[in-house]
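Q: From the sequence below, what's the structure:
(one chain, ligands or ions: 2)
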Amino acid sequence: MPDSTSGADTPTVFVLFGATGDLAKRMVLPAFYELAQRELLPTRWKLIGNGRGERTDDEFRQHVADALTEFGDGTDDHWDAFAKNLRFAGGGFTVDDPGQLPDVIDEIRNGDDDGAGDFSGDDVQLVHYIALPPATFTDYTKALGEHGLDEGARVVYEKPFGTSQKSFEELDVAVHEVFDEKQVYRIDHFLGKESTQNLHIIRFANGMFAGLWNREHVEQVQIDIPETLDIDDRAEFYDATGAVLDMLVTHLFQVAAEVAMEPPLSLRADDLQTARESVIAAFRPIDTDEVVLGQYDGYRDTEGIADDSDTDTYVAARMWVDTDRWRDVPFVLRTGKMLGVSAQRVTLVFRRPEDGPVTHLPADGAALTFDLSGDGEIDITLTVKTPGPGEELSVAHMELPLSSIETNGGGLSPYSRLLFDVLDGDRSLFTRPDGLAHVWEVAAPLLDNPPAIQSYAPGSMGPHAADALADPVGWFVSGR
Ligand SMILES: NC(=O)C1=CN([C@@H]2O[C@H](COP(=O)(O)OP(=O)(O)OC[C@H]3O[C@@H](n4cnc5c(N)ncnc54)[C@H](OP(=O)(O)O)[C@@H]3O)[C@@H](O)[C@H]2O)C=CC1
Ligand SMILES: O=C1O[C@H](COP(=O)(O)O)[C@@H](O)[C@H](O)[C@H]1O
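A: Ligands and ions are numbered 1, 2, ... in the order given. Next up, the predicted model:
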């Protein structure tokens, strides 16, 4: 639910720090354009790209057009009107020197900007998007405060919001010295995926699932994100990060919290965030005996990776959520690069009825799966009678692609959805510092004392040692 100041009529200035960077061109700029195409932007808006170098507005417009061609669907008849709203403010942005940004904002506020829309005389909503290397988050936050661009503004932080308990706490203090929590939007784009949102909608909107969402009925939860991708053009970033930080303690933990949360009082931002982020406090600190770390063969031959790198490109972990609802139900989480298949599946595996008349039931014969990839899909696995003579059993699947549901314009990509929510003032799908503080407590045993890395063949499903973590059900996603 949006905060009180948002609205389609509020003139909005969106400042994209790191506008020349990789994330901006892959995700943020195409998502912004998608919102324009879908007419989901405020009536009056400007996007100011910020960077340390100098570019004219027209050069920046060309940069955006190129990004849309390379990473989006190109430009269409929305482009001319869109391009008029793009500006560039170079010269960097530091506490000592704000570069050109304040002047460009003033031009827009004073109505001197020759683009579309008159902002003069209106309160302008500032939205800052920090798409910069994480090491710079604190300095840019301080600079926003120093140059008076914090008041009433919203600020979006890319991930990772800290890479250790210490760096998280330091960043959290720095951010709250400048911004109130209600101004802050920490992105985890897995929360913006259509199927992730269906974890709470399908559960709470359908009595048949609401009643099953507990230890009495669920035997195991799997959160499985294998990737066939390698790390080629992100070698420096990836080698300093690894699968545990890049995926496990960020996206997979947030999705686990979506599954595990207690019913929120409502779907309002505070209630949904409270339910999701507070259950992380009940995640049991990771037992490293229940973790398998891997690195694919050939990783160290990648340009930019040291010959002796011990960075994890794979992690599988069995975790426990110590609430009455989930006590003793294993949550098994897995992700890795260069695996045999790409998938993003969250599966609740249901218990087999005990002492019922049907015997010899398969362990994987009843499940509800949320496919987070692409447009999203919900699948139901059932044990059925094999058609024909006799009483043979088969495991059958029903698939509901979310793209088959009639909508007004189709689903939104995760970044478009999250940007829309920022512009709308809705923080439901963003992370909160109380949850993130617990993430680091849960992860500490693994970060402090990681198990030895095991090698695996590219195209496999990772080290065999991880197979047992999902016993007795077995991993639903299989690639071998
Ligand atoms: N790239 C991706 O696929 C993903 C990235 N992210 C996150 O998004 C954020 C940005 O990532 P990405 O775009 O890849 O990063 P880049 O390395 O591409 O940096 C973005 C921009 O920041 C500016 N910049 C770089 N170093 C500094 C510095 N030391 N001080 C000030 N400005 C600097 C540069 O712009 P200029 O030279 O114009 O000043 C650069 O173009 C990171 O937090 C990352 O973790 C999250 C998910 C995926
Ligand atoms: O944040 C990240 O996510 C991607 C996977 O995201 P998706 O957009 O393909 O759903 C992952 O490949 C990358 O390593 C990680 O940084």
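Q: ok, the closest residue to residue 267 other than its chain neighbours - contacts?
A: Nearest non-adjacent residue to residue 267, counting by C-beta to C-beta, 6 or more residues apart in numbering: residue 428, 6.9 Å away. For the C-beta atoms, the positions are set from N, CA and C on the backbone; glycine is no exception. By C-beta atoms under 8 Å, 6 or more residues apart in numbering, the contact list for residue 428 reads 1, 267-269, 272-273, 421.
Q: Same question for residue 399.
A: The neighbours of residue 399, taking C-beta under 8 Å, 6+ apart as the test, are 377-379.
Q: what's the answer for residue 223, then?
A: 252, 255-256, 259, 331-334, 345-346.
Q: And residue 456, by the same measure?
A: 294-297, 314, 336, 462-463.
Q: hmm, which of these are the buried ones?
A: Burial by neighbour count, judged by 16 or more other C-beta atoms under 10 Å, picks out 294-296, 314, 336, 462-463 from those.
Q: Is it possible to get TSV of those that adds distance to ligand 2?
A: Output for the buried ones among the contacts of residue 456, formatted as TSV (distance: C-beta to the nearest ligand atom, whole Å):
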residue	distance to ligand 2
294	15
295	15
296	14
314	12
336	10
462	15
463	19
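Q: Identify the residue nearest the residue in the chain positioned nearest to ligand 2 in space, chain neighbours excluded?
A: The minimum distance from the chain to ligand 2, using C-beta to the nearest ligand atom, falls at residue 246 (4.8 Å). With C-beta to C-beta, 6+ apart as the criterion, residue 246 has its nearest non-adjacent residue at 6.9 Å, and that residue is residue 238.
Q: count of residues packed around that neighbour?
A: Using other C-beta atoms under 10 Å, residue 238 has 23 neighbouring residues.
Q: Make 12 the starting number, not 1.
A: Sure thing, new numbering starts at 12, so read that last one as residue 249.
Q: number of nearby residues for the residue of the stretch 162-311 of the chain found nearest ligand 1?
A: Using C-beta to the nearest ligand atom, the closest approach of the stretch 162-311 of the chain to ligand 1 is made by residue 169 at 3.6 Å. The number of residues packed near residue 169 is 23, by other C-beta under 10 Å.
Q: what pLDDT does it get?
A: Reported pLDDT at residue 169 in the predicted model: 94.
Q: ok, it to residue 66 distance?
A: 21 Å (C-beta to C-beta, to the nearest Å).
Q: Which one (most neighbours) among the contacts of residue 410?
A: residue 388 (20 neighbours).
Q: How about the contacts made by it?
A: Residue 388 makes contact with 206, 381-382, 410-413 under the criterion C-beta under 8 Å, 6+ apart.
Q: Residue 457 now?
A: 255, 297, 299, 302, 328.
Q: Please identify the residue most distant from the middle of this protein.
A: residue 400 (48.3 Å; C-alpha atoms, centre = their mean).
Q: May I ask you to confirm that it belongs to a helix?
A: No - per DSSP: H, G, I helix; E, B strand; the rest coil, residue 400 lies outside any helix segment and is coil.
Q: Around ligand 1, pick out the residues from this structure.
A: 29, 31-35, 37, 62-64, 142-145, 147, 169-170 (C-beta under 6 Å from any ligand atom).
Q: now with 5 Å?
A: Residues of the chain lying close to ligand 1 (C-beta under 5 Å from any ligand atom) are 29, 31-34, 62-63, 142-145, 147, 169.
Q: ok, now how distant is the residue nearest the centre of the chain from residue 241?
A: By C-alpha atoms, centre = their mean, the chain has its centre lying nearest to residue 200, at 2.2 Å. Residue 200 sits 20 Å away from residue 241, taking C-beta to C-beta as the criterion.
Q: So the residue nearest to residue 257 is in contact with residue 241, correct?
A: No - assessed by C-beta atoms under 8 Å, residue 249 is found out of contact with residue 241, at 9.2 Å.
Q: Buried residues, the helix or strand where residue 408 lies. List them.
A: Here residue 408 is covered by strand 404-412, with elements defined by DSSP states H and E. Going by neighbour count (16+ other C-beta under 10 Å), the buried part of strand 404-412 is residue 404.
Q: Strand partners (parallel or antiparallel) of it?
A: Here strand 404-412 is paired, per DSSP bridges, with strand 388-396 (antiparallel).
Q: what's the model's confidence in the partner strand, averaged?
A: pLDDT averaged over strand 388-396 gives 97.
Q: Work out the gap between it and the centre of the chain.
A: 27 Å (C-alpha atoms, centre = their mean, to the nearest Å).
Q: helix, strand or coil for residue 131?
A: What three-state DSSP gives for residue 131 is coil.
Q: ok, how many other residues are close to the nearest residue to it once chain neighbours are set aside?
A: In space, and not counting its chain neighbours, residue 131 is closest to residue 122: 3.1 Å by C-beta to C-beta, 6+ apart. Residues contacting residue 122 under the criterion other C-beta under 10 Å number 13.
Q: how near is residue 122 to residue 22?
A: Using C-beta to C-beta, residue 122 is found at 11 Å from residue 22.
Q: Give the residues shared as contacts by the two.
A: Shared contacts of residue 122 and residue 22 (C-beta under 8 Å, 6+ apart): residue 130.
Q: low-confidence ranges in the stretch 362-491 of the chain?
A: In the predicted model of the stretch 362-491 of the chain, residues 491 satisfy pLDDT under 70.
Q: Run through the helices of it in chain order.
A: Ranges of helices in the stretch 362-491 of the chain, per DSSP state H, counting those that start in this stretch, are 425-435, 444-459.
Q: Deepest in the core, which of the ones you listed is it.
A: helix 425-435 (a mean of 22; mean count of other C-beta atoms under 10 Å).
Q: Not counting its own residues, what contacts that one?
A: 13, 17, 23, 25, 38-39, 41-43, 45-46, 49, 51-53, 56, 138, 140, 165, 167, 196, 198, 200-205, 423, 438-441.
Q: So residue 57 lies in a strand, does it not?
A: Yes - with three-state DSSP as the criterion, residue 57 is part of a strand.
Q: Now do the same for it: its pLDDT.
A: Per-residue confidence (pLDDT) for residue 57: 96.
Q: One more: the one 3 residues further on?
A: Confidence per residue is given as pLDDT, and for residue 60 that number is 98.
Q: Torsion angles phi and psi at it?
A: Dihedral pair for residue 60: phi -80, psi 140, per degrees, to the nearest 10.
Q: related to what we said a few turns ago, will you turn the residues of the chain next to ligand 1 into CSV that also has secondary structure?
A: Shown next, in CSV, are the residues of the chain next to ligand 1 (three-state DSSP):
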residue, secondary structure
29, coil
31, coil
32, coil
33, helix
34, helix
62, coil
63, coil
142, coil
143, coil
144, coil
145, helix
147, helix
169, coil
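Q: which of those residues lies closest to residue 90?
A: Using C-beta to C-beta, residue 31 comes nearest to residue 90 of the residues of the chain next to ligand 1, at 19.6 Å.
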